[in-house]
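> I would like the atomic coordinates for the input below:
(chains A and B)
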Number of protein chains: 2
Amino acid sequence: MQVEEARKGRATPEMEAVARDEGLPLKFVLRGVARGRIVILSNPKRKSRVFKGIGEGLRVKINANVGSSPDYVRVREEVRKARIAEEYGADTVMDLSIGGDLNRIRRRIIDATRIPIGTVPIYQAGIEAAKKRGSIVDMDSDDIFNTIRRHAEDGVDFVTVHCGVTRGVVEELRGVKRLLGVVSRGGAFLAAWIIKTGRENPLYEEFDYLLEIAREYDLTLSLGDGMRPGAIGDASDILQFRELFELGKLVKRAREKAVQVMVEGPGHLPLDQVEWNVKIEKTVCDGAPFYVLGPIVTDIAPGYDHIVGAIGGAVAALAGADFLCYVTPSEHLCLPSPDDVREGVIAARIAAHVADLAKGVDRKRDIEMGEARGNLNWNKQFELALYPKRARELRRKRPPSIDLRTCSMCSKLCAIKFLAEFLRGET
Amino acid sequence: MQVEEARKGRATPEMEAVARDEGLPLKFVLRGVARGRIVILSNPKRKSRVFKGIGEGLRVKINANVGSSPDYVRVREEVRKARIAEEYGADTVMDLSIGGDLNRIRRRIIDATRIPIGTVPIYQAGIEAAKKRGSIVDMDSDDIFNTIRRHAEDGVDFVTVHCGVTRGVVEELRGVKRLLGVVSRGGAFLAAWIIKTGRENPLYEEFDYLLEIAREYDLTLSLGDGMRPGAIGDASDILQFRELFELGKLVKRAREKAVQVMVEGPGHLPLDQVEWNVKIEKTVCDGAPFYVLGPIVTDIAPGYDHIVGAIGGAVAALAGADFLCYVTPSEHLCLPSPDDVREGVIAARIAAHVADLAKGVDRKRDIEMGEARGNLNWNKQFELALYPKRARELRRKRPPSIDLRTCSMCSKLCAIKFLAEFLRGET
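Numbering: from 1, shown residues only, chains lettered A, B, ... in the order given. Now for the predicted structure:
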């Protein structure tokens, strides 16, 4: 258990790995884990793997969602997506499969990757209940907890649990006018279940039991935002914050039991609301790592939501968000293709780095790139590039012809070359 | 003359067109033009055309750079790029050609488009001087002003003039340590010229003459930032601000002569520096429209600089920047292709809209998109999309198969559909 060890002042191999990876003192990581400001995704059931830390003072991490849908059950393609995500720099992958043999897909993805894997067990619980008993809302509390345990047993490192979709929140939902009621699938399942049964959300009511399971596997809980806004017009409404305040209380309870916990956040937000949304979470949840989806800062660019998400993500991360869920070009349109996954990861990776650079956490490589450009050292520029292959390809397509040290944009009139040569008396 | 008319309280057809286009009261536009907070790009020499206003309270505008280089002189391709830029939503195009028959390319681009056109006449002045007399630094003050006049005569609406590259600034350049000395081509030409001749920059020394030419054609002056940082490591240094303070004084002088003027800004800046860079310009230049290049908020993503520029641009525009110069995927690598121009315009268009939405200037379409999504009304969603063709294509590639009202991401488990049906008692 990371938290218990940290509180005793004992470093684990996981903490050591994270400290090394981040280039930070071990003490810093240890203290962050002890206080719950840092989580380390590290279910001991997982075999071959890398550890990732998420939270205050660490580099911003990014997640890529993959997974089948009832319309597209292609196991090999989902595994390929997970591998592409890892290759292009995703720190974690979430398997959100909802079509086909869910256990098989999950296990295949776990086997095919080395980065931490997250899931949303309520999907499987609901889908299996529908198969056995006719409807998603026929699931019971055992279905939910047994599925969580099954995922943990398989080596899943973190699970989204919509503990804040309480009866009180759902009651309020009926009275609130929203463009898009509930866009969280897990949130919708639970809201329907609560309405149907009239009972309290098991993930809330039996939160202590959930914490027991989490302790058993050192499973990190990602408290889901079932009431997140699904449209710019719904951003930052009372429901969103009602749920967040519940999550803040649950963070405290999780920490009391030494369970690692992070909090999920929006969603669709206009850009001016991003910074203070992050600050509110950090305040209400006492600095628990914040995991945002996007944020999507405009609704009218379907087909380019990876760019929209990169804008929102960079601003969120600069404000303190620790973990960015990528958005692909297919968001709001269809299940992403492997190419979409790649483009989504790249955009999120750039957003995360932009924030790390601005926070001074990761500055060296940019400085070196400036030097390499000043020296017109192209090989060095490619080495330093986040995605060297693409940079090389573009330059190769339109190479310089007159002066090979320059590029074809400015050619012999390259400002860098021109002034340097002039100052040396060559021009 | 827009400014003189505005100061007399007389509305011009150009002001009326801008007020209509922006959905703003004519008085607002008139007052903005009178105070120099708004410029209207509108050289009367230009024939078929649309007018564009840039500045305080208006929608954020975007510019696309096109133009030949000595390595690639393809007139038809440059014309095509300008047309693509207009088609995908660029508000202006700048012809930055430096290869081939510069007069011919410029005139072809002007004829092929209806949006305002900008140029950087110092390029042509330097290149022609090199041809006639051996070197760029052999140009004289007449070469510069005659070229500006020739461009204005052709119908160019705005010109970048690096008036702030003064002898004093250049002296300081020699003492300052920078990764990338001067990356502005015009700035490099003039710095070299000053060093060679020991004389003052004609665009500064004879600024009054420049204002006379500008008055003659109602040519908007875009005060160039010849000392802009070209690398993250050079951001916000003394040179950049030295020049900006000079530009602030020149804005005042231009306004005294009723000449329309805007100010250009960085460039390469870490994301945390973007907002205050905008605020400084707005303060020092008394609210003159601010035209930023990007900003580029990391140096290590060549091949994806359109995404990097969209992040910087959205944040700059939200902070008050009025005019975003696009960045293409080929930036720092090669001359952009027509495809790169398209991708660059799209990314900048999204950034501009993200800021307009956050400022409340342009909110309606996003709200309607939320409604259309809530109703699973796909045709309406495509209608409202900034780029419907791409959105349709993506959906068509992976269409839903089980329930055609949903998309293939969630299929029959669509949260929106699920909860709505459940609440109606259908599930």
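> what about stretch A:2-10, distance to the chain center?
25 Å (CA atoms, centre = their mean, to the nearest Å).
> show me what contacts whichever residue of the stretch 301-427 of chain A sits closest to chain B?
Distances between the stretch 301-427 of chain A and chain B by CB to the nearest CB are smallest at A:Gly370, namely 2.9 Å. The way it works is simple: take the backbone N, C-alpha and C, and place the C-beta from them, glycine included. By CB atoms under 8 Å, 6 or more residues apart in numbering or on different chains, A:Gly370 lies in contact with B:Leu179, B:Leu180, B:Gly230, B:Ala231, B:Ile232, B:Gly233, B:Asp234, B:His268, B:Asp299.
> would you convert those residues into TSV that also reports secondary structure, pLDDT and distance to chain A?
Shown next, in TSV, are the contacts of A:Gly370 (DSSP: H, G, I helix; E, B strand; the rest coil; pLDDT from 0 to 100; distance: CB to the nearest CB, whole Å):
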residue	secondary structure	pLDDT	distance to chain A
B:Leu179	coil	92	4
B:Leu180	coil	90	5
B:Gly230	coil	95	7
B:Ala231	coil	97	3
B:Ile232	helix	97	4
B:Gly233	helix	95	4
B:Asp234	helix	95	7
B:His268	strand	97	8
B:Asp299	coil	98	4
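> which of those residues lies closest to A:Asp362?
B:Ile232 (11.2 Å; CB to CB).
> excluding covalently adjacent residues, which one is nearest to the closest one?
Counting by CB to CB, 6 or more residues apart in numbering or on different chains, A:Asp366 is the residue found nearest to B:Ile232 once chain neighbours are left out, at 4.3 Å.
> am I right that the one you found is in contact with B:Gly233?
Yes. Between A:Asp366 and B:Gly233 there is a contact under CB atoms under 8 Å: 6.8 Å.
> between the two, which one's more packed in?
A:Asp366 (25 against 22; other CB atoms under 10 Å in any protein chain shown).
> buried ones in whichever strand or helix holds that one?
Taking DSSP states H and E as the definition, A:Asp366 sits inside helix A:364-374. Under the neighbour-count criterion of 16 or more other CB atoms under 10 Å in any protein chain shown, helix A:364-374 has A:Arg365, A:Asp366, A:Ile367, A:Glu368, A:Met369, A:Gly370, A:Glu371, A:Ala372, A:Arg373, A:Gly374 buried.
> what about dumping the CA coordinates of the helix or strand following it to PDB?
Under the assignment DSSP H and E, the closest C-terminal helix or strand after helix A:364-374 is helix A:378-384. Extracted in PDB, the C-alpha atoms of helix A:378-384 (Å, rounded to 0.1, in the frame of the first residue of the first chain):
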ATOM      1  CA  TRP A 378      18.500  20.000 -38.300                       C
ATOM      2  CA  ASN A 379      19.400  16.600 -36.900                       C
ATOM      3  CA  LYS A 380      19.400  18.000 -33.400                       C
ATOM      4  CA  GLN A 381      16.000  19.700 -34.100                       C
ATOM      5  CA  PHE A 382      14.500  16.300 -35.100                       C
ATOM      6  CA  GLU A 383      16.000  14.600 -32.100                       C
ATOM      7  CA  LEU A 384      14.400  17.200 -29.800                       C
END
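> by contact count, what packs against the helix or strand just after helix A:378-384?
Per DSSP H and E, the first helix or strand lying C-terminal to helix A:378-384 is helix A:388-397. Here helix A:388-397 touches helix A:378-384, going by 3 or more CB pairs under 8 Å, 6 or more residues apart in numbering or on different chains; DSSP states H and E.
> and the helix it packs on, anywhere near chain B?
Yes. Helix A:378-384 is in contact with chain B by CB under 8 Å from any CB of the partner chain, via A:Gln381, A:Leu384.
> next: stretch A:259-273.
Yes. Judged by CB under 8 Å from any CB, stretch A:259-273 comes into contact with chain B through A:His268, A:Pro270, A:Leu271, A:Asp272, A:Gln273.
> pLDDT score assigned to the fourth one?
Listed pLDDT for A:Asp272 reads 98.
> A strand includes it, no?
No. Using DSSP: H, G, I helix; E, B strand; the rest coil, the assignment for A:Asp272 is helix, not a strand.
> contact partners for it?
Counted by CB under 8 Å, 6+ apart, A:Asp272 has contacts B:Leu318, B:Ala358, B:Lys359.
> just give me the closest of those to chain A.
B:Ala358 (4.0 Å).
> quick one, what contacts the closest one?
By CB under 8 Å, 6+ apart, the neighbours of B:Ala358 are A:Pro270, A:Leu271, A:Asp272, A:Gln273, A:Val297, B:Leu318.
> let's see 10 Å
A:232, A:269-274, A:297-298, B:314-315, B:317-318 (CB atoms under 10 Å, 6 or more residues apart in numbering or on different chains).
> now do A:Asp140
A:Ala125, A:Ala129, A:Arg133, A:Asn146, A:Trp193, A:Thr197, A:Arg199, A:Pro202.
> I'd assumed A:Asp95 was in contact with A:Pro116.
No. Applying CB atoms under 10 Å, one finds A:Pro116 not in contact with A:Asp95, separated by 11.5 Å.
> any common contacting residues for these two?
A:Ile110, A:Val156.
> picking up where we left off before, so which pair among the residues of stretch A:259-273 next to chain B is furthest apart in space?
Pairwise over the residues of stretch A:259-273 next to chain B, using CB to CB, the maximum falls at A:His268 and A:Asp272, 13.3 Å.
> between the two, which contacts overlap?
Common neighbours of A:His268 and A:Asp272 (CB under 10 Å, 6+ apart) are A:Val297.
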